[in-house]
Every structure is written in C-alpha cells, then in structure tokens.
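Novice: how would this look folded up:
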Amino acid sequence: MQNNGLFRILFLGDIVGPPGLEALADNLLDWRAENNIDMVVANGENISGGSGISVKNTKELLRIGIDVITSGDHIWRHKDFADRLDEFPFIIRPANYPDGVPGRGFVVWSSMNGVSVGVINLMGRVFMYPIECPFKAVDNILEQIKNKADIIIVDFHAEATSEKKAMGYYLKGRVSAVFGTHTHIPTADLSIDEGTAYMTDVGMCGPKHSILGREPDAVLKKFHLGIPVRFPVAKFPVIVQGVLVDVNKENGEAVKAVRWEKNVSGRK
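Specialist: Here you go, the predicted structure:
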C-alpha cells in the first residue's frame with residue numbers, strides 16, 4: 001500500500017485472447033511490485049478465444065495478480081462458465097441485467113491492509129442489447145455499498161461515447177473512477193473532476209498489430225465482402241493498456257490518474 005495515504009489501482013482494458021493473457025502472466029506481478037500497485041482490476045470478457053471467458057481462464061487471471069475481473073456482453077459465450085458464474089465472487093457481470101441472471105454486478109473487495117474497494121460493472125444500451133437502465137442500476141448499488149466501500153470503481157462497458165460521457169457526468173463526485181471498456185481503443189480524455197477519474201475507453205490488452213485484437217486480413221475481408229468471416233486473434237507483440245489511478249483512501253477521491261501502456265514483444 002502507498003505510504004502517503006493513497007491507494008493505487010491499475011485498471012486494465014479488455015484482455016484479448018491467449019496473447020493478452022500470456023503478456024500479463026509474464027509481467028503483471030513484476031509491474032505490481034515495481035509500481036507499488038495495491039489492486040488490479042481488468043476486463044476479462046474477451047480472453048477465451050477472443051470472445052467470452054472460461055472457468056480455466058478465470059482461474060488463471062486470478063492466479064497472475066488480477067484481483068477483480070469485470071466483463072460485458074460476451075460473458076455468456078462459454079456455457080460451462082456461465083452456468084458456474086456464481087462460484088467466482090471476484091468476477092462480475094453487468095449489473096443492469098434483469099433479476100434471475102446468474103452472477104453479480106458488483107463486489108466489495110478488501111485489501112490486506114483493510115481498504116475496501118467497490119467495483120461496479122455496467123453495460124450500455126446504445127447500439128447494444130437493450131437491457132435494463134444502467135443509471136438506475138448504479139443508483140441502487142451505490143445505496144447498498146455506501147457504508148461498505150472506501151473507494152468505488154465503475155467499469156462502463158458500452159459502445160457509444162455519448163452514453164459513456166453521460167455516465168461520467170452522472171457519477172461525478174459520487175465514485176472514485178468511471179472507466180469505459182468494450183471498444184478497445186484508448187481515448188484522449190483522461191481527467192479528474194470532483195474527485196472522479198474518467199476515461200471514455202481505456203483500450204485493450206491484446207495484439208498490437210490487429211483490428212481490436214483480431215487478424216487484420218480477416219476483418220478486412222468482412223468489410224470488403226459483407227459475408228460471415230471467422231476473426232482469428234492476432235499474435236504478439238502485445239500492447240497492454242489501461243489507467244493507473246491513485247485514490248485518497250480516506251475520502252475515496254481520485255487525486256492522480258495516468259494512462260498505462262506497455263509493449264510486450266513476446267513471451268519470456
């Protein structure tokens with residue numbers, strides 16, 4: 001833990017396929033130690049074959065130093081995992097799915113030093129499947145955890161930049177950070193306002209020479225021909241992207257946030 005009253009969190013964008021996992025497996029524990037990182041949150045919904053997440057990959061992510069795994073619309077891709085989602089308390093799915101859906105939409109994680117961090121997962125509705133209102137869902141969760149979490153981080157998994165910006169303004173001054181995922185391309189709007197860090201999309205942890213982590217030739221074929229095409233995950237080198245944020249653990253306000261970007265040329 002930071003000895004200056006701050007709690008440092010690394011929030012990583014969507015992990016894409018085996019290359020993203022391997023890059024983190026080889027480096028994350030070292031990065032944690034070198035940068036005095038107290039907690040790592042990462043979106044894992046694209047780790048298994050580039051879409052979805054499996055039981056095996058969930059265990060691997062937790063083993064390599066990720067404390068809480070967020071997700072999005074692809075979390076249901078692998079049925080073996082979807083049926084067992086309730087077994088893993090530190091992987092969450094969007095909270096605005098309706099009642100009756102497996103899993104949980106938020107978690108309160110506690111560090112060894114007693115700092116409690118609430119992590120909330122939400123999904124947008126613009127250009128995506130129209131599930132329940134994320135704004136109402138987050139209000140309900142904040143009421144539940146207001147006396148349980150010292151710090152609150154929100155992963156808003158959404159397509160439209162306008163919807164993400166709206167959520168940032170809606171939660172300004174109410175949470176420690178709102179970070180967007182899903183589109184895999186880091187935006188240039190990292191900021192802190194009224195103690196809330198915000199970035200529309202934090203990027204991805206996946207192949208650098210790719211289109212959103214997939215082989216460019218396959219994606220180009222889809223655009224040219226308009227027919228169904230398999231999109232293989234591209235290979236190394238990998239770019240690891242996210243945000244490193246320092247939060248005042250006494251009042252939950254973000255005081256510093258910087259873009260995190262590491263290039264990994266191959267496996268060690």
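Novice: partners of the residue nearest the centre of the chain in the sheet?
Specialist: The C-alpha lying nearest the average C-alpha coordinate of the chain belongs to N43 (Cα atoms, centre = their mean; 3.1 Å). Here N43 shows beta-bridge partners T70, assigned using DSSP bridges.
Novice: could you measure from it over to V240?
Specialist: Distance from N43 to V240, counting by Cβ to Cβ, to the nearest Å: 12 Å. C-beta coordinates here come from the backbone N, C-alpha and C atoms, glycine included.
Novice: which neighbours do these two have in common?
Specialist: L12 (Cβ atoms under 8 Å, 6 or more residues apart in numbering).
Novice: next, the contact list for I92, please.
Specialist: By Cβ under 8 Å, 6+ apart, the contact set of I92 is V68, I69, T70, S71, G103, R104, G105, F106, V107, V119, I120, N121.
Novice: now do 7 Å
Specialist: By Cβ atoms under 7 Å, 6 or more residues apart in numbering, the contact list for I92 reads T70, S71, G103, R104, G105, F106, V107, V119, N121.
Novice: give me the contacts around stretch 202-211.
Specialist: Stretch 202-211 is touched from outside by 11-17, 19-20, 23-24, 179-181, 184-186, 213, 216, 219, 233-243, 263, with contacts defined as Cβ under 7 Å, 6+ apart.
Novice: just the buried residues from these, in PyMOL please.
Specialist: The following PyMOL line selects those of those that are buried, judged by 16 or more other Cβ atoms under 10 Å:
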select buried, resi 11+12+13+14+15+16+17+19+20+23+24+179+180+181+184+186+213+219+233+234+238+239+240+241+242+243
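Novice: out of the contacts of I92, what pair is the most spread apart?
Specialist: The largest separation in the contacts of I92, counting by Cβ to Cβ, is between G103 and V119 at 13.3 Å.
Novice: more crowded one of these two?
Specialist: The neighbour comparison of G103 against V119 (other Cβ atoms under 10 Å) goes to V119, with 27 against 22.
Novice: hang on, that one in a helix?
Specialist: No. Using DSSP: H, G, I helix; E, B strand; the rest coil, the assignment for V119 is strand, not a helix.
Novice: how many residues are close by the nearest residue to it once chain neighbours are set aside?
Specialist: Among residues not flanking V119 along the chain, V68 sits closest, at 4.7 Å (Cβ to Cβ, 6 or more residues apart in numbering). Neighbour count for V68, taken as other Cβ under 10 Å: 27.
Novice: ramachandran angles for V68?
Specialist: phi -130, psi 130 (degrees, to the nearest 10).
Novice: distance check, it against G13.
Specialist: Going from V68 to G13 by Cβ to Cβ gives 14 Å.
Novice: tell me where the chain has helices.
Specialist: Secondary structure of the chain (DSSP state H): helices located at 17-34, 55-63, 79-82, 134-145, 161-171, 216-225.
Novice: which helix or strand in the chain has the lowest average pLDDT?
Specialist: Across the helices and strands of the chain, mean confidence by mean pLDDT, DSSP states H and E is lowest for helix 79-82: a mean of 80.
Novice: could you pull out the buried residues of that helix?
Specialist: Neighbour-count burial for helix 79-82 [16+ other Cβ under 10 Å]: F81, A82.
Novice: likewise stretch 75-91?
Specialist: Within stretch 75-91, the residues scored as buried using 16+ other Cβ under 10 Å are I75, W76, R77, H78, F81, A82, L85, F88, F90, I91.
Novice: how about stretch 107-116?
Specialist: V107, V108, W109, S111, V115.
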